[in-house]
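# sequence plus the predicted model coming up.
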Amino acid sequence: MGRYRPPTEKKSAYITAEGYERLQTELQQLWVRRKDVTKHLAAAAAEGDRSENAEYIYRKKELREIDARIRYLQKRIPDLTVVDQAPANLGQIFFGAWVELENDDGKQLTYRIVGPDELDPKQGYISVDSPMARALLKKHTNDDVNVLTPEGEINYLILNVKYS
C-alpha cells in the first residue's frame, strides 16, 4: 500500500504584519535550535552503538522535525503577501478585521480574520479560508450571516467591525 495522499487545498497567501514577524522570528529561532540539536546529536553518535542509543534516536527525530519546519517556512514566507493597511470602507469585513457577533442564543463572540499560518482559536483568530470567515467577508455591521457547521446552520448578527 502506497503513501499517496491527495494534494491539500492551497492556503491563502495573506498574512498580517504581526503574523509575518512571528514566522520570521520562528525561522531564526529554529536555526539556532538546530545548531544545538546537531551538537547534541554528534555527542550521542560518538557514544557508540546507535541502534540502542535512545539519545541518538531522539535527537535524529528532533532534527528531522526542525528541518521539516525550516523547509516549510523557507518555501512559505516568500509566497506570503503582508496585509498591513485597513481597507477604505471600515464598516465592511475584510482580511484583518475584528468582528463581534451575536448568535441566536444571545451569546457574543469576537473573531479576527487572519491568514491560515496565524490560526489561533484561543485568541479568536480564524483563518480567512474557514467557512465562518468566508461567510463574513464583505458583510457590514447589523447584517445577518448564516454559517453552515457540522451541527447545522447557525445564524449570527454582526454587532461591530473594527481594524486595529
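Perfect, I can see it now. On a predicted model such as this, the values are computed, not experimentally measured, just so you know.
# mind pulling up the pLDDT for the closest residue to Ser127 other than its chain neighbours?
By the measure of C-beta to C-beta, 6 or more residues apart in numbering, the closest residue to Ser127 outside its immediate chain neighbours is Pro116, 4.4 Å from it. Placement of C-beta: from N, CA and C, glycine included. In this model, Pro116 is scored at 94, pLDDT.
# and what of the one 10 residues further on?
Predicted confidence (pLDDT) at Ile126: the value is 95.
# surely it is within a helix?
No. Using DSSP: H, G, I helix; E, B strand; the rest coil, the assignment for Ile126 is strand, not a helix.
# which residues in the protein form strands?
Under the criterion DSSP state E, the chain carries strands at the ranges 14-16, 81-83, 98-103, 108-114, 125-127, 144-149, 152-162.
# I figured Lys11 hits Glu118, correct?
No. At 11.1 Å, Lys11 does not count as touching Glu118 under the criterion of C-beta atoms under 8 Å.
# of these two, which one has the most company?
Glu118 (21 against 16; other C-beta atoms under 10 Å).
# run the chain-centre distance for the longest helix seen in the chain.
Assignment by DSSP state H gives helix 17-45 as the longest helix of the chain. On the basis of C-alpha atoms, centre = their mean, to the nearest Å, helix 17-45 sits 19 Å off its chain's mean C-alpha point.
# so how far is stretch 87-101 off the chain centroid?
Its chain's C-alpha centre and that of stretch 87-101 lie 19 Å apart, by C-alpha atoms, centre = their mean.
# what packs against the least confident helix or strand in the chain by mean pLDDT?
The helix or strand with the lowest mean pLDDT-type score in the chain, counting by mean pLDDT, DSSP states H and E, is strand 144-149 (a mean of 90). If you count contacts as 3 or more C-beta pairs under 8 Å, 6 or more residues apart in numbering; DSSP states H and E, strand 144-149 packs onto helix 131-136, strand 152-162.
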